[in-house]
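**Student:** The amino acid sequence is not available; the structure is as follows:
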């Protein structure tokens, strides 16, 4: 079961929320849809679920066109919307029965699939309570349970762990990972650790554009070499900010130096060096020879966080 | 159809798990009961007329009150997104919600049958006109509910839905009561649009196809409008 998105565009009035994006999610893959708030993640997901209609482009879910056969596509998709909307005045069991009936689960297997979901999502303790009385973690599990009640091949989860405590987050991630073995899962998030912990692949989206697409490893590899060096230098009346920068940038292979913070007695400087060259020694020598006092020096490897910030700001 | 039934059952149940249905039924019975008994004991007349005269006024407020939450609440809480991404058609959803609200409205009428029974014990009763008046009330509720759920589908604010549907229903109801101020060529048209005109004709005991067509086509148009309003998310 795969999702194939081609040249998808969506306008809200004159504002273009999604700009001509294309990607593919294969069976058994867990794809993280990463981007800052308002990047177009939810809009894209809503279009895949057929809740919204794209202005341009096509979406194929297992080779079925989502615009031409919305009902067919919806049968295959389990969807957890953003904010996890639920009927607060229904109790858990009634709600799951309702969801199962609407998902056209055959009548004779409704009871079984509700039972199964209660077990998988750990809802046994609260199954007779009203949803409105549940804690956020349980509500999230109810949301997941309704999304999976009809055993869909494709799961679309819009920020599945938002608002959960760390223990619950780990549990939900584990659940998603287990599910991902048989299903095609696409989850959106703006939490980077989530992607690293659960996803096989990341699609980073910004301002409606896909800016990166690949496994977390390959993304990290392609951005590596762009090492950034972090310095703390003691303030000295002899040197002004401009002088400091010019000294730093005069070092061979240093592309750019930037003062990132300036407090009472020290400057913090970030230095970007040419790919693949270690400039730490040169920097140290230069600092000593210019009679400055070095308080701190360390080299940072490009983390997914840096890649994300670089691509989306 | 099966999906409409699922939604119908869920919606009807939710009226009865919250206090809504009980409050509506109790208040409805108190008001109609007052008019029934005062007419019976003070005026000493054996008739359902007093009840059937007052119910259209009660419906003016009651129907917006029971239909205002149908879509507004789902829009506000976001559950509409869950509903609209299930493998069911938009029209199934509209139909399910319409029928459940109509069922609640009809259920509030059921206890008033006690009035008819007590009248029967006191003297002769014209069952024909009473039954057709009940049919007329259900049809009138139907067209008002159509307006109510359409208004509800337009906004996520229940108060706005209430006021809008009340105003439209009020205008529809009043149309045959302002005819003296209206230029002559428009009179028959306005009279035909008026919901009360058709109700009073049915309540007399004559179920005319003209009146049936008015109510049924009105309901169909409003349901289609509601469906279109749901689809407007895609525009």
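**Tutor:** All right, it came through fine. Quick caveat: nothing in here was measured; it's all calculated off a predicted structure.

**Student:** Give me the neighbour count for residue A:208.
**Tutor:** By other Cβ atoms under 10 Å in any protein chain shown, the residues close to residue A:208 number 23. C-beta coordinates here come from the backbone N, C-alpha and C atoms, glycine included.

**Student:** now do the one 5 residues further on
**Tutor:** Residue A:213 is surrounded by 17 other residues when neighbours are defined as other Cβ under 10 Å.

**Student:** what sits up against the strand or helix carrying it?
**Tutor:** Element membership for residue A:213 (DSSP states H and E) is strand A:209-214. In this structure, residues lying in contact with strand A:209-214 by Cβ atoms under 8 Å, 6 or more residues apart in numbering or on different chains are A:19-23, A:201-205, A:219, A:222, A:307, A:311-312.

**Student:** Just the buried residues from those, in ChimeraX please.
**Tutor:** Buried members of those can be picked out in ChimeraX with the line below, counting by 16 or more other Cβ atoms under 10 Å in any protein chain shown:
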select /A:19,21,23,201,202,203,204,205,219,307,311,312
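
**Student:** quick one: the strands in the stretch 201-313 of chain A?
**Tutor:** A:201-206, A:209-214, A:228-234, A:254-262, A:266-273, A:294-300 (DSSP state E, counting those that start in this stretch).

**Student:** Sheet partners, orientation included, of the second one?
**Tutor:** Strand partners for strand A:209-214, identified by DSSP bridges, are recorded as strand A:201-206 (antiparallel).

**Student:** Name the residues of chain B found near chain A, please.
**Tutor:** Residues of chain B lying close to chain A (Cβ under 8 Å from any Cβ of the partner chain) are B:3, B:6-7, B:10, B:13-14, B:17-18, B:77-79, B:81-89, B:233-234.

**Student:** Now the strand holding residue A:213: average pLDDT?
**Tutor:** The average pLDDT within strand A:209-214 is 87.

**Student:** And it, what's buried?
**Tutor:** Across strand A:209-214, burial judged by 16+ other Cβ under 10 Å covers A:209, A:210, A:211, A:212, A:213.

**Student:** Also stretch A:39-56?
**Tutor:** Across stretch A:39-56, burial judged by 16+ other Cβ under 10 Å covers A:39-54.

**Student:** likewise stretch B:212-226?
**Tutor:** Quick answer for stretch B:212-226 (16+ other Cβ under 10 Å): B:214, B:215, B:218, B:219, B:222, B:223, B:225, B:226.

**Student:** now for those residues, which pair is the farthest apart?
**Tutor:** Spatially, the most separated pair among the buried residues of stretch B:212-226 is B:214 and B:226, at 18.7 Å (Cβ to Cβ).

**Student:** For residue B:1, give me its contacts.
**Tutor:** residue B:92.

**Student:** how much space between it and chain A?
**Tutor:** Residue B:1 sits 12 Å away from chain A, going by Cβ to the nearest Cβ, to the nearest Å.

**Student:** Next one: residue A:224, what pLDDT does it get?
**Tutor:** With respect to pLDDT, residue A:224 scores 64.

**Student:** What count of nearby residues applies to the residue of the stretch 151-300 of chain A found nearest chain B?
**Tutor:** Residue nearest to chain B within the stretch 151-300 of chain A (Cβ to the nearest Cβ): residue A:156, separated by 9.0 Å. Per other Cβ under 10 Å, the neighbour tally for residue A:156 reads 27.

**Student:** Need the three-state assignment for the closest residue to chain B within the stretch 1-150 of chain A.
**Tutor:** Across the stretch 1-150 of chain A, the shortest distance to chain B (Cβ to the nearest Cβ) belongs to residue A:85, at 3.2 Å. Here residue A:85 takes the coil state, with states given by DSSP: H, G, I helix; E, B strand; the rest coil.

**Student:** how about the closest residue to it other than its chain neighbours, phi and psi?
**Tutor:** Residue nearest to residue A:85 in three dimensions, not counting chain neighbours: residue B:78, with 3.2 Å by Cβ to Cβ, 6 or more residues apart in numbering or on different chains. Here is the backbone geometry of residue B:78 (degrees, to the nearest 10): phi 90, psi 0.

**Student:** Please name the residues that touch residue B:78.
**Tutor:** With Cβ under 8 Å, 6+ apart, residue B:78 has these contacts: A:81, A:82, A:83, A:85.

**Student:** Find me the pLDDT at the last one, would you?
**Tutor:** Looking back up the chat, that one is residue A:85. Residue A:85 is given a pLDDT of 93.
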